[in-house]
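Asks: Show me how the following folds:
(chains A and B)
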Amino acid sequence: MLRDQAVGPQPTREIHPGARGQPLRRLLELIGTQLLLVLGAIVFALPFVWMVSTSLKADRQIFAFPPIWVPDPFIWGNFPAVFIYAPMHLYFFNTLLIALAHVFGAVFTCSLAAYGFARLRAPGRDLIFMVMVSQMMIPYIVMLVPLYLLFAELEWIDTFYPLTIPAMLGTPFYIFMLRQFFLTIPMELEEAAIIDGASRLRIWWTIILPLAKPALATVAIFSFMFAWNDFTGPLIFLNSREKFTLSLGLQAFMFERRTMWGPLMAASTMMIMPILIVFFLAQKHFIQGIALTGIKA
Amino acid sequence: MTTAQPKPRLTNAAREALTCYLFLLPWGIGFLAFVIGPVVASFVLGFMDYEIVTPARWVGLANYIELFTDDQRFGMSMGNTLYYVLVFVPFHVIIATLLALLLNQKARGIAVYRTLFYVPSIVPIVAGAILWVWILQPEWGLINSTLRMVGIEGPLWLASLTWSKPALILMALWGSGAAMIIVLAGLQGVPQHLYEAAEIDGANRWQRFQHVTIPMLSPTLFFILVLSVIASFQVFTTAYVMTGGGPAESTLFYMLYLYRRAFVLLDMGYAASMAWILFVAVLALTLIQFKLASRWVYYEVEQS
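Replies: A predicted model of the protein is given here:
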């Protein structure tokens, strides 16, 4: 099986003349590559398999040696059990709400600013852009203490405002990515509209945003994932349990029930699943995100 | 007509500039209120004694003096963080590069492998941390169970003074897939004709790797190096969730100590000065890396 796969691509390679080495050596190399790939895949995937397997096992199979991979019988009870200790549906809803605010900020506010940076001439614009880029290099922690004091003053502690309002006003990283994309859109597409007297806001809305859908999808996904995964923000700004996000709720759950591995793994599975679904639905946008950061060698 | 033209043109430019500023305004408000304001405030706070319940008091350099001369935890947490950075970063860069080189081969099912290697890096960090507490669990966890099957009694991992930091590093390395994708993009950006030219000159595989791949890839590797140094200096969540800084403060990283000072002890001035030390340290390290970059990072533009 492995050998068949390894032999596969060879004929196309042989078209190139020149120093290719003996066929046997190449074959061994290909088999070696496959073996390493399989080994790597096992190492990277096993933790997931272990997580799902644990979430479907009864305690006596969880605490067993040698480890049992396939639960017998399959126990679904760990999933409903989670809700007894942690109101996951509430955490889920809170997290979703915050994540949607981040997506809104990335798609609308950031693209507005990105359009300004990419297309509109104004004195000092490039300097402002430099300032924005350097903003990305300031560690969050430097702002955190005064931010906490500011939000306390505004009576925003234990509300969603600290986790949503700043994000809705725009994030430099997404502005940067979108600007990169807007620069690739041909100017001619807007010129006709400008001559017709359309306002810039209208051009941004009716011409640029539809053209930028792939890039907008990328920043939407990135910002959604950031908000979904964020732990530090909720930890510092939220106190009461009914406002917890999934990250915070899950952490509290583990802190209180450190040995309930079945329900804990069920809860982790539930938190990871939406991210995996987003990933499989939109794989190409993840790869594109890297291209948009403009660091291709 | 000729006399009328300059005027609207001028207003057009002014109008465009005004539109531009308006488009940048939401971000600008956020930048002033939630970035620059706090950064300045944090710098000022670093010279104050402020514990929320009592009014803020100017103390000059007292926080900094206490940090460097009197605070054992400061030195220890910095040491723990340096350990983490110095072990994690090289492994991270090497693993990402090796995986990318492997994926750059022509073999079956590359897309599937790429997905498998990448996915751990997008797992929510708390979910990943809880999963790894279970994997590292000394008695029934996956790693020690597997080791026991081949007759090795594994360490206590998160409960061991020696193994707690390596355990957290191991978990973090599981997420090397994001860097791997960046390296892969870099590898695929290496022009094929360079390899062909080298081959015609009689370069063997290793020589081609050494003299074509490595120089062409060096800007990408530099980018990953800089980013992972910055990120790993701020390691926090895994330690907070998995060990809480223990055992015996062996995983009390700088950020964790700062968090405790600020949000457990409410020692806001002290924490602000700690934040600025971290900021300056990371900035200095980044500048040093840029300085050293000219020795090993190859940029095509400089050559022509």
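
Asks: Going by neighbour count, which residues of the helix or strand where A:Met130 lies are buried?
Replies: Per DSSP states H and E: A:Met130 is located in helix A:125-135. Judged by neighbour count (16 or more other CB atoms under 10 Å in any protein chain shown), helix A:125-135 contains these buried residues: A:125, A:128-129, A:132, A:135. (Glycine included, C-beta is placed from N, CA and C.)

Asks: Could you list which of those residues also contact chain B?
Replies: The overlap between those and the neighbours of chain B (CB under 8 Å from any CB of the partner chain) comes to A:125, A:128, A:132, A:135.

Asks: All the strands of the stretch 151-297 of chain A, residue numbers only.
Replies: Assigned by DSSP state E, counting those that start in this stretch, the stretch 151-297 of chain A shows no strands.

Asks: The residue of it at minimum distance from chain B: neighbour count?
Replies: Proximity of the stretch 151-297 of chain A to chain B (CB to the nearest CB) peaks at A:Leu169, 3.0 Å away. Neighbour count for A:Leu169, taken as other CB atoms under 10 Å in any protein chain shown: 21.

Asks: show me the contacts for it.
Replies: With contact set as CB atoms under 8 Å, 6 or more residues apart in numbering or on different chains, A:Leu169 has these partners: A:105, A:109, B:26-27, B:29-30, B:34.

Asks: could you dump those to CSV with secondary structure?
Replies: Shown next, in CSV, are the contacts of A:Leu169 (DSSP: H, G, I helix; E, B strand; the rest coil):
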residue, secondary structure
A:Gly105, helix
A:Thr109, helix
B:Pro26, helix
B:Trp27, helix
B:Ile29, helix
B:Gly30, helix
B:Phe34, helix
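
Asks: Buried subset of those residues, written for PyMOL?
Replies: Buried subset of those, written as a PyMOL selection, criterion 16+ other CB under 10 Å:
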select buried, (chain A and resi 105+109) or (chain B and resi 26+27+30+34)
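
Asks: could I get the helix holding A:Met130 in PDB with only the CA atoms?
Replies: Output in PDB follows, covering the C-alpha atoms of helix A:125-135 (Å, rounded to 0.1, in the frame of the first residue of the first chain):
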ATOM      1  CA  ARG A 125      -1.900  59.600   6.100                       C
ATOM      2  CA  ASP A 126       1.200  57.600   5.700                       C
ATOM      3  CA  LEU A 127       2.500  58.700   9.000                       C
ATOM      4  CA  ILE A 128      -0.700  57.700  10.600                       C
ATOM      5  CA  PHE A 129      -0.400  54.300   8.900                       C
ATOM      6  CA  MET A 130       3.100  53.900  10.300                       C
ATOM      7  CA  VAL A 131       1.800  54.700  13.800                       C
ATOM      8  CA  MET A 132      -0.900  52.100  13.300                       C
ATOM      9  CA  VAL A 133       1.600  49.500  12.200                       C
ATOM     10  CA  SER A 134       3.800  50.100  15.300                       C
ATOM     11  CA  GLN A 135       0.700  49.800  17.400                       C
END
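
Asks: So for chain B, which residue is the most central one in space?
Replies: In chain B, the centroid-proximal residue (CA atoms, centre = their mean) is B:Ala231; its distance is 1.8 Å.

Asks: so what's that residue up against?
Replies: With the criterion set at CB under 8 Å, 6+ apart, B:Ala231 makes contact with nothing.

Asks: Since that was my last question, I'll sign off now.
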